[in-house]
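Colleague: Let me see the structure of the following:
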Amino acid sequence: MKVVIIGGVAGGATAAARLRRLDEHAEIVVFERTGYISYANCGLPYYIGGVIENPEDLTLQTPERFFARFQVDMRVRHEVTAIHPEKKTVSVKNLETAEEFEESYDKLILSPGAKPAQPKLPGVGLEKVFTLRTVEDTFRIKNYINAHHPKSAVLAGGGFISLELAENLRELGMDVTIVQRPRQLMNPFDPDMASFIHSEVRQHGIRLALGHTVEGFAEKDGGVDVLLKDEAPLYADMVVLAIGVTPDTALAKEAGLELGLKGSIVVDDRMKTSVPDIYAVGDAVQVKHYVTGQDAVISLAGPANKQGRIAADHICGGDSRYLGSQGSSVIKVFDLTAAATGVNETNARTAGLDVDTVILSPMSHAGYYPGSKVMTMKIVFEKGTYRLLGGQIVGYEGVDKRIDVLATAIHAGLTAIQLKNLDLAYAPPYSSAKDPVNMAGFMAENLAKGFVKQFGIADLKALPQDGSVTLLDARTPQEYAEGHIEGFRNIPVDELRERLEELERGKPVYVICQSGLRSYIACRILGGYGFDTYNFSGGFRYYDAVVNDRDLIERATACGMDQR
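Modeller: Next up is the predicted model:
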């Protein structure tokens, strides 16, 4: 059996290694058009910033090492220019010698990955306008910085690569501005949770131009003007396009393979395409979202590795199946860690799901043990069934392990309520006896049993101001004096029982505190005396972060630039 693989990196290299482990005698040939068969995409910004010092650390495997261990014929700088399914061959060009030839196959695996989205804008090809996707891209940016010492950069786009690159350029001392058409960074997060990310990047001196559309680039005074729709241009010494990626599927289209979302390759759960004996894996394929069941294109290394393994298994007679992508991800943003899994509230509603959320601000570990820091968690679940749909966490230590617990719970089909039953490891330096994940389950259970009713930021404007409801802030007088929502009166929770006569019976009571805990206790106290109560989801800390962020974005829209 002869297997040809187009593309290395995550999916293709994984498939090649798995094929060899399953079949010692198969002939395996990999064509990779770059000079690297397997490299760490996610590490590229950190090499530019100097965190990763040795460029060889970016290359996970070399053709020589791969051949020595797996006897796989790895041909770098070879570009496949056409696929001929009818005669089961591919046309190949050696990019170093310009030689062209055909290679036959019994089975073909496509792992072409994705390419940076490059809109047809004026000036995209300018020397100082870069993209970042490959090792070669990385060296080009690094060499330019070393040679010209630019003082400023504009990054177009607000996803993973853009934020990681922004941090690294900022650490090099550069002035950095991120321009993004949506009014938030990091679309896996809901806008409210993205507020905490915005705050972190602003605190580190990065300017945000959210809700602005890039219309082109023009050379000016040795640098680049970034042309914005209806706004003055942004000037910088260099520009990096990081506005996302699109599946690199020109070969598949020309070969007649069925394509789906964004031109991605349609595959079944064994990674088989619409053409016999051709498989596809990685960023170029359309998958099912594990939570919604809808078609999706999810460009992450973890799914690509799994898909490469599954394709190899099936070629060798196995029956492994891909169950779908869940979109679990984590990112370092300066001192902050932000992570998400499943679907966020925005996308869940877009998918037609009837959802609710709980928002909590637990500590990373036991509060009495030094160094504990607050995190913000948002858990998304289906109303009625409480099926767990997604989670987002922004904080510091402990974020990654909590998101992994939530990802596992979603995969296992647990409800939000069942999170309370998880038996999670506890010691004061690492967690609390009631882990934040357990706490989310307790909150969902309280909602399900009617122990508490919620209201949120979206409900505030609709609250009547005519005195027909009671608006109550259950924090201390000092906290209240430092900032509160207009119209909310202050009665600390520990004084509530003694001051019940100050509240008019028969009126609903809407209660807020700093994190949502004291206000929940206040709701339970008032409920015991016959009051109809509602607890503010997330607390004043959450409210303050979200509202301040929205105000900054609104002012930026009006004046053309966000503030640091």
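Colleague: all strands for the stretch 301-450 of the chain, in order.
Modeller: Along the stretch 301-450 of the chain, the stretches classed as strands by DSSP state E, counting those that start in this stretch are 329-333, 336-342, 355-360, 376-382, 388-395.
Colleague: Which among the ones you listed is found nearest to residue 323?
Modeller: When the strands of the stretch 301-450 of the chain are compared by CB to CB, strand 336-342 sits nearest residue 323, at 13.6 Å. Just so you know, the C-beta spots here come from the backbone N, C-alpha and C atoms, and that holds for glycine as well.
Colleague: Using CSV, write out every CA atom in the closest one.
Modeller: The C-alpha trace of strand 336-342 is given here as CSV (Å, rounded to 0.1, in the frame of the first residue of the first chain):
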residue,chain,number,x,y,z
LEU,A,336,-3.9,37.0,32.3
THR,A,337,-5.1,33.5,31.1
ALA,A,338,-8.3,33.3,29.1
ALA,A,339,-9.9,29.9,28.1
ALA,A,340,-13.1,28.7,26.5
THR,A,341,-14.8,25.5,25.5
GLY,A,342,-18.0,24.5,23.8
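Colleague: just use 3 as the starting number from now, easier for me
Modeller: That works, and once the first residue is 3, the last one we named lands at strand 338-344.
Colleague: What strands line up against that strand, and which way round?
Modeller: If you go by DSSP bridges, strand 338-344 pairs up with strand 331-335 (antiparallel), strand 390-397 (antiparallel).
Colleague: And the average pLDDT for the first one is what?
Modeller: Confidence over strand 331-335 (mean pLDDT, whole number) is 96.
Colleague: which residues sit against that strand?
Modeller: By CB atoms under 8 Å, 6 or more residues apart in numbering, the residues outside strand 331-335 that reach it are 162, 165-166, 169, 188, 190, 199, 202-203, 302, 339-343, 401-402, 405.
Colleague: Stretch 245-254 too?
Modeller: Here stretch 245-254 makes contact (CB under 8 Å, 6+ apart) with 8, 82-85, 112, 114-119, 121, 135, 158-159, 161, 216, 259, 261, 264-267, 275, 282, 285-287, 299, 301.
Colleague: let's go with 6 Å and repeat that
Modeller: Residues from elsewhere that reach stretch 245-254 (CB atoms under 6 Å, 6 or more residues apart in numbering): 85, 114-119, 158-159, 264-267, 286, 301.
Colleague: Spell out the secondary structure type for residue 528.
Modeller: Secondary structure of residue 528, reduced to three states by DSSP: H, G, I helix; E, B strand; the rest coil: helix.
Colleague: Now it: closest residue in space, sequence neighbours ignored.
Modeller: Leaving aside its chain neighbours, residue 528 sits nearest to residue 535 (4.9 Å; criterion: CB to CB, 6 or more residues apart in numbering).
Colleague: Number of residues surrounding that neighbour?
Modeller: Counted with other CB atoms under 10 Å, the neighbours of residue 535 add up to 21.
Colleague: what are the bridge partners for it, then?
Modeller: Counting by DSSP bridges, residue 535 forms beta bridges with residue 511.
Colleague: same deal with residue 291?
Modeller: Beta-bridge pairing of residue 291 under DSSP bridges involves residue 327.
Colleague: How many residues are close by it?
Modeller: Neighbourhood size, residue 291 [other CB under 10 Å]: 19.
Colleague: ok, now how distant is it from residue 345?
Modeller: In this view, residue 291 and residue 345 are 7 Å apart by CB to CB, to the nearest Å.
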